[in-house]
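# compute the structure for the input listed below.
(one chain, ligands or ions: 2)
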Amino acid sequence: MYEWLNNLPKAELHLHLEGSLEPELLFRLAERNKISLPWKDVETLRQAYAFNNLQEFLDLYYRGADVLRTEQDFYDLTWAYLQKCEEQDVVHTEPFFDPQTHTDRGVPFEAVLNGISAALADGRELLGISSGLILSFLRHLPEEAAFRTLEQALPYRDAFFAVGLDSSEVGHPPSKFQRVFDKARAEGLLTVAHAGEEGPPEYIWQALDLLKVSRIDHGVRAAEDPKLIARLIEEQIPLTVCPLSNTKLKVFGDMRQHNILDLLEQGVKVTVNSDDPAYFGGYVTENFMALHESLGMTEEQARRLAQNSLDARLAY
Ligand SMILES: Nc1ncnc2[nH]cnc12
Ligand SMILES: [Zn+2]
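Ligands and ions are numbered 1, 2, ... in the order given. You can find the predicted model right below:
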């Protein structure tokens with residue numbers, strides 16, 4: 001089944017480039033940039049990947065991202081991810097990057113964007129993988145900081161097609177960023193947002209009504225609100241679901257409790273994605289495989305999930 005799932009052409013629509021930083025590359029970049037790390041080796045770092053919630057993960061994710069300093073680092077990070085895409089028949093990807101994670105440490109915005117963009121261009125040319133980049137704001141930071149990031153990014157408007165919203169969800173509702181997203185849409189950008197990962201269904205309503213998103217990232221807590229589920233089905237709003245992430249961050253206690261196949265059978269446009277594969281134990285095929293092993297996902301369901309991912313693309 002693994003090979004069959006691996007060979008299924010698919011799109012990945014929820015992937016944080018910083019979350020694809022494998023421990024081996026993290027150590028190599030630390031050495032290249034002469035940064036000392038608190039972990040003695042790759043194995044010790046991997047052992048630290050045990051999380052009870054989103055925040056515990058984010059603390060380590062931001063710590064890991066500190067080894068990314070130069071344009072070449074961002075190129076290498078993105079290129080390594082694209083090689084995984086090639087291995088797993090991901091024919092199209094719409095990754096996120098979090099500029100504030102880097103600019104707040106003094107890394108120039110241009111180094112981040114140019115490194116990522118150059119790798120995505122090579123991915124298109126050398127691997128035949130189409131892509132579109134999403135600039136994501138960190139929701140635990142103030143609205144003002146998101147505005148500054150958008151202003152900084154607008155001169156490079158052609159390098160990304162949408163804005164997103166990620167980081168610590170609870171206590172930072174989409175409404176906090178309504179004006180920033182209004183500005184982004186006025187500039188012709190599309191919008192997406194993480195909502196209903198740890199946060200309540202109300203945050204999904206806000207993402208739809210206030211941020212006017214084209215997709216919801218995660219959205220699994222929509223299942224608690226029948227009216228919301230009816231709307232997602234009626235409007236065929238895609239959810240970019242990340243099964244391994246949800247179990248590693250204890251959104252679901254166990255993969256056997258995951259609701260993705262129930263949502264699929266109800267008619268919700270769900271897709272399968274890896275979120276932060278270096279931290280959660282697998283890329284997109286491993287996420288499909290977990291659904292097969294724990295939920296009995298059939299080949300027919302896998303085909304529908306893969307087709308949903310191709311249908312839910314926003315960048316061409
Ligand atoms: N799953 C996730 N939720 C929120 N912010 C994130 N940043 C990276 N991964 C994330
Ligand atoms: Zn995410």
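# for E143, give me its contacts.
Contacts for E143 (Cβ atoms under 8 Å, 6 or more residues apart in numbering) come out as K176, F177, R179, V180. Glycine gets a C-beta too; all of them are placed from N, C-alpha and C.
# narrow the residues you listed to those that are buried.
Neighbour counting over these (16 or more other Cβ atoms under 10 Å) leaves K176, F177, V180 as the buried ones.
# which of these lies closest to K269?
Closest approach between the buried ones among the contacts of E143 and K269, by Cβ to Cβ: F177, at 23.9 Å.
# so that closest one touches L138, yeah?
No. F177 is not in contact with L138 according to Cβ atoms under 8 Å; the separation is 10.3 Å.
# shared neighbours, these two?
Contact criterion Cβ under 8 Å, 6+ apart; residues shared by F177 and L138: A146.
# related to what we said a few turns ago, in a markdown table: the buried ones among the contacts of E143, plus pLDDT.
Putting the buried ones among the contacts of E143 into a markdown table (pLDDT from 0 to 100) gives the following:
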| residue | pLDDT |
| --- | --- |
| K176 | 98 |
| F177 | 98 |
| V180 | 98 |
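# okay, the residues you listed in TSV with secondary structure and distance to ligand 1 next?
Shown next, in TSV, are the buried ones among the contacts of E143 (DSSP: H, G, I helix; E, B strand; the rest coil; distance: Cβ to the nearest ligand atom, whole Å):
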residue	secondary structure	distance to ligand 1
K176	helix	15
F177	helix	14
V180	helix	17
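# show me the strands in the stretch 201-316 of the chain, by range?
For the stretch 201-316 of the chain, the strands defined by DSSP state E, counting those that start in this stretch occupy 215-218, 239-241, 270-272.
# for the second one, packing partners?
With contacts defined as 3 or more Cβ pairs under 8 Å, 6 or more residues apart in numbering; DSSP states H and E, the packing partners of strand 239-241 are strand 215-218, helix 260-266, strand 270-272.
# okay, those in JSON lines with mean pLDDT next?
Listed next are those as JSON lines, based on pLDDT from 0 to 100:
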{"stretch": "strand 215-218", "mean pLDDT": "98"}
{"stretch": "helix 260-266", "mean pLDDT": "98"}
{"stretch": "strand 270-272", "mean pLDDT": "98"}
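# and the closest residue in space to I229 that isn't next to it in sequence, what does it touch?
Residue nearest to I229 in three dimensions, not counting chain neighbours: A222, with 5.7 Å by Cβ to Cβ, 6 or more residues apart in numbering. Going by Cβ under 8 Å, 6+ apart, A222 touches G196, P201, I204, I216, L228, I229, L232, L239, L263, V268.
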